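Participant: Take a look and give me a structure for this.
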Amino acid sequence: MTLELRFERRQGELFSKSPFYQTAPIFGSRPQWSHPHDLPNVEDDAQEDHEMWFHTYRLRVTDFDGRLRVLWRPASSE
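Facilitator: Numbering: from 1, shown residues only. Reported below is the predicted structural model:
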């Protein structure tokens, strides 16, 4: 599985902290989430042609059977 998140660049910071993800081995109503892991930023990837317009985060997972969630804290508007 490859999960790619792209957020359009603005003049100010989009995030006050980097997005992060957590996993859980089950789909139940009360999963045990893993510790937070940083979501890899790929804006320095020379093959990408959209770097100028977006902040890009990409997560590649193999043989994953469970639940995944991505969380982040948007930057303050002040």
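
Participant: Distance of W33 relative to Q22?
Facilitator: According to Cβ to Cβ, to the nearest Å, W33 stands 4 Å off from Q22. Quick note: C-beta positions are derived from backbone N, CA and C, even for glycine.

Participant: scratch that, T56
Facilitator: With the distance defined as Cβ to Cβ, T56 ends up 20 Å from Q22.

Participant: quick one: the strands in this structure?
Facilitator: Assigned by DSSP state E, the chain shows strands spanning 2-8, 20-24, 37-38, 54-60, 67-71.

Participant: Can you redo those as JSON lines, where the extra columns are mean pLDDT?
Facilitator: Formatted as JSON lines, the strands of the chain follow (pLDDT from 0 to 100):
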{"stretch": "strand 2-8", "mean pLDDT": "82"}
{"stretch": "strand 20-24", "mean pLDDT": "91"}
{"stretch": "strand 37-38", "mean pLDDT": "88"}
{"stretch": "strand 54-60", "mean pLDDT": "84"}
{"stretch": "strand 67-71", "mean pLDDT": "89"}
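
Participant: With mean neighbour count added, can I get those strands in CSV?
Facilitator: Listed next are the strands of the chain as CSV, based on neighbours: other Cβ atoms under 10 Å:
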stretch, mean neighbour count
strand 2-8, 12
strand 20-24, 17
strand 37-38, 12
strand 54-60, 17
strand 67-71, 13
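
Participant: ok, back up a step: hey, what's in contact with both of W33 and Q22?
Facilitator: Taking Cβ atoms under 8 Å, 6 or more residues apart in numbering as the criterion, W33 and Q22 both touch R69.

Participant: So what sits opposite V70 in the bridge?
Facilitator: Following DSSP bridges, V70 is listed with bridge partners Y21.

Participant: State the distance from it to R30.
Facilitator: V70 is 19 Å from R30, by Cβ to Cβ.

Participant: Q22 too?
Facilitator: From Q22 over to R30 the distance is 14 Å, taken as Cβ to Cβ.

Participant: again, but for V61
Facilitator: 22 Å.
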